[in-house]
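> Fold the following for me, if possible:
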Amino acid sequence: MKKGNIVTLVLAVLLLSICTITSLFALSVVSSNRKNTQLMLEASIIRGVRASAKKLLEFSADCGEPVAVVINGYSLETDLIDGIWCVRVSDGDKEEIIFAEGR
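From the prediction side, this is the model:
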């Protein structure tokens, strides 16, 4: 082989290696952005569910009736415990209880 062909071959291999490394880095960035977007979406959904739970709690406290609804896969149930209204927010795996304040 001629010296020029060897240099060309080495440069082509180096260029191919650089392209491969850059592509792998770009894929990892896209993957982490996808995970961040998923976490932000889940946080946004639970914020909306909690806001709905508080409004449901206000409704039950004002009307004096327990209510049960399902919103975005979360079960919301109001209940009167020891004279204090609360709402249970459950997604099947974990449960959160929010109590009415100042009632």
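> Could you check the pLDDT of residue 99?
On the pLDDT scale, residue 99 is placed at 89.
> I'd assumed residue 80 was in contact with it.
No: taking contacts as C-beta atoms under 8 Å, residue 99 lies outside contact range of residue 80: 10.9 Å. Quick note: C-beta positions are derived from backbone N, CA and C, even for glycine.
> okay, and the common contacts of those two?
residue 86 (C-beta atoms under 8 Å, 6 or more residues apart in numbering).
> So between the two, which is more surrounded?
Comparing residue 99 with residue 80 by other C-beta atoms under 10 Å, the one with more neighbours is residue 80, at 14 against 11.
> list the helices and strands the helix or strand hosting residue 46 packs on?
Element membership of residue 46 [criterion: DSSP states H and E] is helix 3-63. Helices and strands touching helix 3-63, by 3 or more C-beta pairs under 8 Å, 6 or more residues apart in numbering; DSSP states H and E, are strand 68-71, strand 74-81, strand 84-90, strand 95-99.
> could you dump those to a markdown table with distance to residue 30?
Formatted as a markdown table, the helices and strands packed on helix 3-63 follow (distance: least, C-beta to C-beta, whole Å):
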| stretch | distance to residue 30 |
| --- | --- |
| strand 68-71 | 31 |
| strand 74-81 | 30 |
| strand 84-90 | 33 |
| strand 95-99 | 33 |
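> wait, which of those strands is closest to residue 12?
Among these, the nearest to residue 12 by C-beta to C-beta is strand 74-81 (56.0 Å).
> Centre of the chain to the helix holding residue 46, how far?
Distance, stretch centre to chain centre, for helix 3-63: 12 Å (C-alpha atoms, centre = their mean, to the nearest Å).
> avg pLDDT for that helix?
91.
> Report the angle between that helix and strand 95-99.
Counting by axes from the mean of the first three to the mean of the last three C-alpha atoms, to 10 degrees, helix 3-63 lies at 40 degrees to strand 95-99.
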